[in-house]
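Visitor: no letters, just coordinates:
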């Protein structure tokens, strides 16, 4: 075998990244599937996105608390040559949702996202240990209020319930003792940075405020500190299962919402078992687990089985239109767009994070999704339209309505439109007759029809699926 | 139930997300145990707004106290259920689905919508204001609309040319015609798309004439309730409104944060009812204010952790105001793992509102028969 099916490439790039343009898909289709996966799992093979330009345009980024981070993050997602690194950064934000909206001046959520990116493909123990030291998380779940003799259970509970093992795998006593083990884990007060902004807070361990007494946790006894608790957590099979199911839900197909997980079995138990085995064999190495996932048949067979998250929809559509290649002040609107669709980056609704899958969609969010995508593609000078003008006009100066539809469907990442939708699109195209590219005026009018056709496809039901 | 202004009874549900601290909302101010349990996160006795010799309102809920004094607000004490979940996620899910022991996909409001509008003819029968449709409003065959921003609600609003927009909407309608055999999520999307098309048109035409001399504050709950008011006054057949007020998960710094939440909430509710009354549109409205659980009795020196039993409010012209149910005991031996033990099952509260107000048979919706309260006065 040589090369990879285009639909499969488009699928892999939608899931492991944020979608690919038609040109990128053509280039990747020349390569073997497993080689594409290895490139995705080894981001260091490709240069990191250049930050200098972005920082000069969005000056507030130089402030660790700067408000432009979500727009900058979206800019990275659109332009990165390391799509899986960025996608996993978003995954960790889904799994460890920390809201920057708890107070007017919380410890920097931007620093937290940078940590998620640094650890995007690390091992789970490292990831949890850095999470437990992250000032934004410590503040968000009140571990700075978790004192020797006065435990605050917020972090201890969510670490077990939402971040590692899931309900049903520990007792209330385990929560209390995990919380005791994290007493004294806090952060430094931010130092002002004149004339504005602050140096970021850093992790601070206060030995005096730490409860050094004996604790029983998940059947083990010792005078555990926080790292000991995490070391015990990551060797639990429950943790392997919980993380695998989250990865499956994020990359493969929509699972029910997390509170159902101790009652409703996974969609594909064999798939979870396969990932759990890799977790155990590799001691929780995320790269190894993703290698198993992306190369599996269950992944390859899961095309369009997920509802796109707002971030996936926005980034994928911007990439399609060829937008955001260079930082501009107006790009903060992109962050507002994902928020309006129900996913404000750095502003998850609660510590449980976003409800995914079908729950992304209701009348309000569908309206936002459709209107956003339509507006992105309205300009006939957008890449998406220009490329199709090029390809359709290349033949003999005209194109049939069916050619118009097929070219536009292919350009949107091989969207799998149903027969009904395809005939609706063709009927609509037919009412305008053949496209002509004879004259400049004819080309402009054909370009407008191409843009309209793309708008109809990105507002379709099918386009809502990844 | 028929209301005297001849309009169909309407329910407004306000969800306080995060677990409202009932003990600091309706305060047992003459009980010494309250001060023992709450060395830090307490409301000073001389600032509370007394209801009687035992209980008092938080000082920041003046507008609610006015509604209470006028006999229009019922306080339902000790609401909860057996083995309360201390997880927000699961706790809210239980409140939404009435299923404490298994995971259900259908919500109580959704099931009620299905009864109120079995054919799904009016896509505005139930409206959520906020981002994301709550599980409570989801049920097969139930039509619910969710509006993030009432002022910009509508499809293809960015397509300038009128003819082009009409064409795009026609094609959209054809693509979103529910098709058999495409899968349940696809069908849900199709139905949602069709409902948006219909609902947006009706809403746009309906709310143009709204004007009000009530000036709502600039905060999320005030904006949501103002939107509820605009649509209710437009009289578009909406029977259930739902909205959400977040931020009640006060593990830390409760003393500055909780009063601000209560201030915003109570002012918004007060303004809302004033607005409705000014438009002679209050009489067929009852509001339910609930939260997923109360908070830990003992404070943690900064805030309060997740608890169990809590409280709810039912407000409206036709409500039998006053205290209903029993305030949970603060005695140590009566607590459930350090939390208030519920004295009244929340499913009875839903049943009361469904049967006595909305005129819908409650037991299939709440999953059984639960004690109802005499909350609503007959016409």
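Guide: Noted; the coordinates are in hand. It should be emphasised that the depicted structure is a prediction, and the values quoted were computed from it without experimental measurement. Numbering: from 1, shown residues only, chains lettered A, B, ... in the order given.
Visitor: so what's residue A:374 closest to, chain neighbours aside?
Guide: Among residues not flanking residue A:374 along the chain, residue A:455 sits closest, at 4.7 Å (Cβ to Cβ, 6 or more residues apart in numbering or on different chains). Every residue, glycine included, has its C-beta placed from N, CA and C.
Visitor: so how far is residue A:313 from the closest residue to residue A:331 other than its chain neighbours?
Guide: Nearest non-adjacent residue to residue A:331, counting by Cβ to Cβ, 6+ apart: residue A:71, 4.6 Å away. As for residue A:71, its distance to residue A:313 is 16 Å (criterion: Cβ to Cβ, to the nearest Å).
Visitor: those residues of the stretch 1-150 of chain A touching chain B, which are they?
Guide: A:103, A:141, A:142, A:144, A:145, A:147, A:150 (Cβ under 8 Å from any Cβ of the partner chain).
Visitor: next, count neighbours for the residue nearest to residue A:331.
Guide: Using other Cβ atoms under 10 Å in any protein chain shown, residue A:71 has 26 neighbouring residues.
Visitor: which strand or helix spans it?
Guide: For residue A:71, the host element (DSSP states H and E) is helix A:69-79.
Visitor: returning to what we had before: can you select the buried ones from the residues of the stretch 1-150 of chain A next to chain B in ChimeraX?
Guide: The buried residues among the residues of the stretch 1-150 of chain A next to chain B can be selected in ChimeraX (16 or more other Cβ atoms under 10 Å in any protein chain shown) with this line:
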select /A:141,142,144,145,147
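Visitor: so how far is residue A:328 from residue A:320?
Guide: 18 Å.
Visitor: more neighbours: those two, which one.
Guide: residue A:320 (26 against 14).
Visitor: ok, now which ones touch that one?
Guide: Applying Cβ atoms under 8 Å, 6 or more residues apart in numbering or on different chains to residue A:320 gives the contacts A:19, A:21, A:376, A:377, A:383, A:384, A:411, A:412, A:413, A:454, A:458.
Visitor: and the gap between it and chain B?
Guide: In this view, residue A:320 and chain B are 16 Å apart by Cβ to the nearest Cβ, to the nearest Å.
Visitor: check contacts around the closest residue to residue A:246 other than its chain neighbours.
Guide: Distances taken as Cβ to Cβ, 6+ apart put residue A:95 closest to residue A:246, at 5.7 Å, once the chain neighbours are dropped. By Cβ under 8 Å, 6+ apart, residue A:95 lies in contact with A:162, A:163, A:246, A:353.
Visitor: was I right about the second one contacting residue A:124?
Guide: No - under the criterion of Cβ atoms under 8 Å, residue A:163 is not in contact with residue A:124, lying 10.1 Å apart.
Visitor: which sections of the chain are below the confidence cut-off?
Guide: All of this is about chain A. Regions of chain A meeting the criterion pLDDT under 70 cover residues A:1, A:64-67, A:103-104, A:193-197.
Visitor: nope, chain B please
Guide: B:1-5, B:180, B:378-379.
Visitor: counting by contacts, list what the host helix or strand of residue A:291 packs against.
Guide: If you go by DSSP H and E, residue A:291 is part of helix A:286-294. When contacts are defined as 3 or more Cβ pairs under 8 Å, 6 or more residues apart in numbering or on different chains; DSSP states H and E, helix A:286-294 sits against helix A:6-16, helix A:33-41, helix A:83-95, helix A:237-251, helix A:269-282.
Visitor: would you mark the buried spots in the helix or strand following that helix?
Guide: Of the helices and strands lying after helix A:286-294 in sequence (DSSP H and E), the nearest is helix A:297-300. Within helix A:297-300, the residues that count as buried by 16+ other Cβ under 10 Å are A:298, A:299.
Visitor: outside of helix A:297-300 itself, list whatever touches it.
Guide: Contacts of helix A:297-300 (Cβ under 8 Å, 6+ apart): A:8, A:11, A:15, A:251, A:252, A:268, A:270, A:271, A:274, A:293.
Visitor: with stretch B:219-238 instead?
Guide: B:7-8, B:10, B:12, B:14, B:122, B:124-127, B:129-130, B:147, B:150, B:202-203, B:206-207, B:209-210, B:212, B:216, B:241, B:243-246, B:264-265, B:267-269, B:271-272, B:275-276, B:279, B:281, B:285.
Visitor: in helices, which of those fall?
Guide: Secondary structure from DSSP state H places B:202, B:203, B:206, B:264, B:265, B:267, B:268, B:269, B:271, B:272, B:275, B:276 of the contacts of stretch B:219-238 in helices.
Visitor: walk me through the domains of chain A.
Guide: A:6-300, A:383-464 (automatic domain parsing).
Visitor: dump those into TSV; add distance to residue A:342 as well.
Guide: Below are those laid out as TSV (distance: least, Cβ to Cβ, whole Å):
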stretch	distance to residue A:342
domain A:6-300	13
domain A:383-464	13
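Visitor: closest one to residue B:354 among the ones you listed?
Guide: Across these, residue B:354 has its closest neighbour in domain A:6-300 (24.6 Å, Cβ to Cβ).
Visitor: that closest one: how far from the chain's middle?
Guide: 11 Å (Cα atoms, centre = their mean, to the nearest Å).
Visitor: cool, and stretch A:293-311?
Guide: 13 Å.
Visitor: of the domains of chain A, which is nearest residue B:367?
Guide: Going by Cβ to Cβ, the one of these nearest residue B:367 is domain A:6-300, 16.3 Å.
Visitor: and the strands in chain B?
Guide: Ranges of strands in chain B, per DSSP state E, are B:10-17, B:26-27, B:49-50, B:56-57, B:73-80, B:126-129, B:145-147, B:240-246, B:285-291, B:310-315, B:322-324, B:344-345.
Visitor: chain A: which of the ones you listed is closest?
Guide: Among these, the nearest to chain A by Cβ to the nearest Cβ is strand B:145-147 (3.7 Å).
Visitor: before we move on, back to that, distance check, the residue nearest to residue A:246 against residue A:125.
Guide: Taken as Cβ to Cβ, the span from residue A:95 to residue A:125 is 15 Å.
Visitor: residue boundaries of the helices in chain B?
Guide: Applying DSSP H to chain B gives helices spanning B:32-37, B:62-69, B:88-97, B:108-116, B:162-175, B:184-206, B:220-234, B:254-278, B:346-352, B:363-366.
Visitor: touching chain A at all, the fourth one?
Guide: Read it as helix B:108-116. No - counting by Cβ under 8 Å from any Cβ, chain A has no neighbours in helix B:108-116; the shortest distance is 11.9 Å.
Visitor: hmm, who's touching that helix?
Guide: Residues contacting helix B:108-116 (Cβ under 8 Å, 6+ apart): B:13, B:96-98, B:125-126, B:134, B:136-144, B:239-240, B:242, B:350, B:354, B:358, B:360-361, B:364-366.
Visitor: return only those of the residues you listed found close to chain A.
Guide: residue B:144.
Visitor: can you give me the strands in chain A?
Guide: Using DSSP E, strands in chain A cover A:185-187, A:203-205, A:215-217, A:220-222, A:398-399, A:435-436.
Visitor: now the residue of chain B most remote from its centre: how far from chain A?
Guide: In terms of distance from the mean C-alpha position of chain B, residue B:163 ranks first, at 40.8 Å (Cα atoms, centre = their mean). Remark: distance between residue B:163 and chain A (Cβ to the nearest Cβ) = 11 Å.
Visitor: do the same with residue B:262
Guide: 17 Å.
Visitor: could you find the closest non-adjacent residue to that residue?
Guide: Counting by Cβ to Cβ, 6+ apart, the residue nearest residue B:262 is residue B:60, at 4.5 Å.
Visitor: in contact with that neighbour: list those residues for me.
Guide: Taking Cβ under 8 Å, 6+ apart, one finds B:259, B:260, B:262, B:263, B:266 in contact with residue B:60.
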